[in-house]
Each structure stands twice: as C-alpha cells, then as structure tokens.
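>>> Predicted model and sequence follow; I will ask about them next.
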Amino acid sequence: MEAKKQNISTTIINRRFQQKDSHGAISMPIYSGAAFEFDTAEAMEDAFLGKSGKHTYSRISNPTVEAFEDRIQQITGAKNVTAVASGMAAISNIFMTIAYSGANIVTTSHLFGNTFSFFLFTLKAFGVEVRFCNLLDINEVEKNIDDKTCAVFTEIITNPHIEVADLKALADLAHSKNVPVVADSTLVAWPSFDAKQFDVDLEMVSSTKYLSGGATSIGGLILDYQRFDWAQSPRLDTLAKAVGKRAFTVKLRGEISRNLGAYMSPHTAYLQNLGLETLDLRFKKMSENCKNLAEFLQSVPEVKSVNYTGLRDNPFHEISQRQFGEYQGAMLTFSLENQAACFRFINRVNVIRRATNLFDNKSLIIHPLSTIYGTLSPEFKKMVEVPADMLRLSVGLEDPEDLKADILQAFQS
Ligand SMILES: *Cc1c(COP(=O)(O)O)cnc(C)c1O
C-alpha cells in the first residue's frame with residue numbers, strides 16, 4: 001500500500017488497524033473502558049515504561065483514539081499525532097509543553113476568541129508574555145522576536161479576519177532565530193493543505209470543525225513534524241540531548257498530556273474517525289458552496305463588502321491559491337450597514353442557523369463582536385479589531401440556490 005500515490009479518501013478508508021480486532025470489526029470499536037489488564041507484573045512494568053506500546057489507562061492512550069491518530073498521521077505525514085478533547089486543549093497542551101516563565105509568544109491580536117484569551121489572560125499568570133504584532137509584516141515580526149521567544153504562533157487563515165500570512169517567509173524568519181512555528185490550520189480546507197511544505201513545526205487543528213463529520217463532537221489534534229531542533233529551547237534542551245527531534249512529543253506524551261488530563265475520549269474518536277472518511281467529499285462541496293455564495297453576496301445591494309479568499313479581488317487571493325490550492329474553505333464574512341442591520345438579518349434567516357461553530361453540514365451565521373468577543377472589555381475589543389458591522393457565515397452542504405433564496409428573503413422581509 002503506497003499511501004502517497006492514492007487519493008486521500010482511499011488512504012483513509014483503506015487504512016487497517018495496527019492490531020486486528022479480535023472479532024474482525026471493520027470499524028474501530030469504541031474501547032470505552034478506563035483501564036487495560038496484564039498477564040504478568042513484568043508485562044505491566046514494560047507497558048508503564050513505554051517499552052511494549054501497550055495501553056494502560058485511557059487518559060494516556062486508548063486503542064480507539066490511537067486508530068484515529070494513526071489515520072491522521074497517514075494522511076499528513078506528521079511524525080506524531082496526539083488527539084485531545086478540543087482545539088483549545090490542543091493549544092494549551094502545546095504551550096504548556098514549550099512555554100516557560102519569562103518566555104514570550106510572537107503572534108497577532110487577530111485570533112480566535114479563546115486563543116486570544118488563553119495567551120493574554122491564562123498564560124500571563126504563569127509569567128508568559130504575548131507580543132501582538134502584524135504577522136503580515138515580516139520586519140515587524142523580526143523586531144518582536146528575541147532570545148526568550150518560545151514560538152511564533154499563527155492561524156493559517158485567521159478567524160474571523162480571514163488574513164493569510166506568507167507561511168514560508170514566517171518559518172524562514174523564525175528558524176533563522178532558532179524559534180519554532182506553531183500554526184492553527186482549523187480554517188484551512190483540511191487536509192488539501194500540507195503544513196510540512198511550509199516548514200511548520202507544530203500544527204494544531206480543532207477537529208470539531210471540518211473533521212468531525214458535521215459537528216458531531218468537540219476535539220483537537222496536535223501534529224508534530226519533528227523538524228525543529230529543541231536543543232534551542234530552554235524548556236526542552238536537556239530532553240533534546242537524549243531524544244533529539246522527538247523531544248516535543250516525548251515531553252507531551254510522557255508528561256504534559258497525561259498531567260493536564262485532556263486526552264480525547266474514545267466516543268469522540270469513533271465519531272471523528274467516521275467523519276474523516278467523508279472529509280474529502282464534504283470540504284470540496286462546502287468550499288464550492290462558499291465561493292458560490294461569496295460571489296452572490298457581492299451582487300446584493302445591502303451588502304457593503306464580502307471577505308473570502310476565493311474571490312479574485314480579495315487581497316489574499318493569490319497567496320491563498322499558492323498555499324491552499326483550489327479550495328479556499330467554507331467560511332466567509334460580509335458587512336452590512338451597521339450592527340442593527342446585522343441583527344435584523346440574523347433574525348430573519350430560515351434555512352441558515354443562528355449558531356456559533358464552523359463547517360457543520362448546516363450553514364451557520366453569527367455576529368462575532370457581540371458573541372465570541374462579547375465579554376471582552378472595550379480595551380480588548382479594540383485590540384481584536386472585529387468590526388461591529390460584520391457577520392460570519394459558515395457555509396454548509398445545503399443546495400446553494402436555497403441558501404441564496406434564504407438570504408434574499410431575509411433582506412426583503
Ligand atoms: C474553533 C477554533 C478553535 C478552538 O477549537 P475548539 O474545538 O472549539 O476548542 C481554535 N482555533 C480556531 C481558528 C477555531 O476556529
């Protein structure tokens with residue numbers, strides 16, 4: 001089985017379990033229990049020392065979750081994949097592994113709401129500083145990096161601003177300063193995008209979104225490409241001397257993930273593994289629907305502007321095509337006259353649902369400033385620069401003509 005020559009759907013669907021199920025089950029069963037039994041004390045010792053690869057306790061590893069991790073590894077080429085309870089668990093596990101008191105993170109204030117809050121409020125209490133700058137300006141990024149920088153963090157497509165930085169340029173700069181790049185690929189039409197090609201060191205994704213198979217469950221993934229030399233990191237340098245480029249994963253799996261206790265549940269892994277089997281179909285159709293709607297919205301007189309990288313006049317169109325290829329994802333934003341017009345529109349839609357989340361099979365609409373960023377103080381609201389007249393639309397699998405009709409009637413009613 002040469003995985004690279006196959007279509008991604010075939011690779012996913014054709015992938016067998018590492019260990020045959022005792023009943024020959026064709027889908028990985030849900031091993032829901034907490035603990036695993038051993039025949040001897042010696043076998044138990046080997047398992048606890050990580051010598052046999054056997055599962056001991058489902059907070060640490062689990063056969064159902066491992067089957068999901070294995071498939072993700074197959075299609076991405078990551079050297080290690082760790083599945084956790086949410087996208088936020090992926091981000092917090094990563095930074096609990098690489099950050100330290102006195103360290104700083106170089107990123108932008110244009111971030112997903114909880115990521116912004118985690119960096120600015122949660123990590124601050126542990127002596128970690130966040131430096132917000134414009135990631136689209138390499139010189140500015142360079143000025144913010146120093147010998148205490150533990151990572152450059154970027155959302156590959158930012159949520160909800162839809163900005164796209166030049167990933168290779170960021171990685172080249174970060175690596176020239178011995179700093180790793182941590183990238184959130186949640187908004188990218190996953191997995192048509194290949195993070196390895198852009199020298200990303202650690203990738204995280206909220207598998208709640210595209211992967212879960214239609215908002216079936218909350219989950220997150222940490223992908224380690226094992227290309228960064230952690231001997232450069234004050235946190236991992238000693239470990240790196242012993243295990244080389246595996247230092248991040250060894251620390252994460254051997255200490256941090258089991259101590260934070262946010263490993264993915266077997267039920268979630270079962271659902272998301274099933275979701276993965278239809279991912280290729282869904283993200284293509286969703287992306288096509290999204291482009292179709294973006295073009296349509298541009299023709300609606302009430303709509304002041306539409307932001308979607310699949311539109312030719314979008315400032316990030318070219319770089320997005322270069323980095324992500326044909327499919328530009330299923331999230332767009334558009335502006336109406338003001339916040340009141342946004343609320344009126346939200347209240348009148350019938351097919352589109354009033355809900356947060358992204359890449360459900362259903363189309364979802366939200367006014368980000370009053371919801372996701374609603375509890376921020378005026379000072380921090382100013383910092384995230386989310387406009388009051390902006391709506392975010394996640395485009396689902398409905399027939400696009402029905403979505404257009406819904407939008408038109410919402411403006412007319
Ligand atoms: C949703 C999201 C997250 C967080 O994921 P959860 O699974 O909700 O914890 C992180 N980053 C981005 C860009 C997201 O859209």
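The structure has been received and is ready for your questions. Numbers count the residues shown, from 1 in each chain.

>>> Please report how far A47 lies from V81.
21 Å (Cβ to Cβ, to the nearest Å). No exception for glycine: its C-beta is placed from N, CA and C like everyone else's.

>>> Compare neighbour counts for those two and give me the winner.
Comparing A47 with V81 by other Cβ atoms under 10 Å, the one with more neighbours is V81, at 21 against 17.

>>> residues contacting the more buried one?
V81 makes contacts with E69, D70, I72, Q73, L221, I222, L223, D224, as judged by Cβ atoms under 8 Å, 6 or more residues apart in numbering.

>>> 10 Å instead?
By Cβ atoms under 10 Å, 6 or more residues apart in numbering, V81 lies in contact with 66, 68-75, 203, 221-224, 249.

>>> Would you list the buried entries among those residues?
The neighbour count (16 or more other Cβ atoms under 10 Å) marks 66, 68-75, 203, 221-224, 249 as buried among the contacts of V81.

>>> and which of those residues is nearest the ligand?
Using Cβ to the nearest ligand atom, L221 is the member of the buried ones among the contacts of V81 that lies nearest the ligand, at 9.9 Å.

>>> Specify the beta-bridge partners of that closest one.
Beta-bridge pairing for L221 (DSSP bridges): A83, V205.

>>> From I75, how far out is it?
Note on L221: its distance to I75, by Cβ to Cβ, is 11 Å.

>>> Now do the shared contacts for the two.
Both L221 and I75 are contacted by V81, W190, under the criterion Cβ under 10 Å, 6+ apart.

>>> if we can go back for a sec, which one of the buried ones among the contacts of V81 is nearest G127?
Taking Cβ to Cβ as the measure, G127 lies nearest I222 of the buried ones among the contacts of V81, at 23.0 Å.

>>> what's that closest one in contact with, if anything?
Neighbouring residues of I222 by Cβ under 10 Å, 6+ apart: 69, 78, 80-84, 89-91, 93-94, 97, 182, 202-205, 248-249, 252-253, 257.

>>> got it, and D146?
Taking Cβ under 10 Å, 6+ apart, we find D146 in contact with N104, V106, R131, K177, V179.

>>> which SSE is the last one in?
Using DSSP states H and E, no element contains V179; it sits outside every helix and strand.

>>> ok, and the closest non-adjacent residue to it?
Counting by Cβ to Cβ, 6 or more residues apart in numbering, V179 lies nearest to T149, which is 4.9 Å off, once chain neighbours are set aside.

>>> And for the residue in the chain that the ligand sits nearest to, the neighbour number?
Nearest residue of the chain to the ligand (Cβ to the nearest ligand atom) works out as G87 at 2.2 Å. Neighbour count for G87, taken as other Cβ under 10 Å: 23.

>>> wait, doesn't it sit right on L187?
No. Using Cβ atoms under 10 Å, G87 is not in contact with L187, being 11.0 Å away.

>>> Kindly list the longest helix within the chain.
The single longest helix within the chain, with elements called by DSSP state H, is helix 279-298.

>>> Now I145: closest residue in space, sequence neighbours ignored.
Distances taken as Cβ to Cβ, 6+ apart place K177 nearest to I145, at 4.9 Å, with adjacent residues excluded.

>>> how about I366, phi and psi?
The phi and psi values for I366, taken as degrees, to the nearest 10, are phi -150, psi 150.

>>> any chance you could map the helices in the stretch 101-250 of the chain?
Per DSSP state H, counting those that start in this stretch, the stretch 101-250 of the chain carries helices over the ranges 113-117, 138-144, 167-176, 237-243, 247-251.

>>> what's the first one packed up against?
Where contact means 3 or more Cβ pairs under 10 Å, 6 or more residues apart in numbering; DSSP states H and E, helix 113-117 is packed against helix 87-98, helix 378-384.

>>> which of the ones you listed sits most buried?
Highest mean neighbour count of the helices and strands packed on helix 113-117: helix 87-98, a mean of 23 (counted as mean count of other Cβ atoms under 10 Å).

>>> Which elements pack onto it?
Applying 3+ Cβ pairs under 10 Å, 6+ apart, we find helix 87-98 packed against strand 80-84, helix 113-117, strand 149-155, strand 181-184, strand 202-206, strand 220-224, helix 247-251, helix 257-260.

>>> Of all these, which one is nearest F36?
Each of the helices and strands packed on helix 87-98 has some distance to F36 by Cβ to Cβ; the shortest is helix 257-260, at 14.9 Å.
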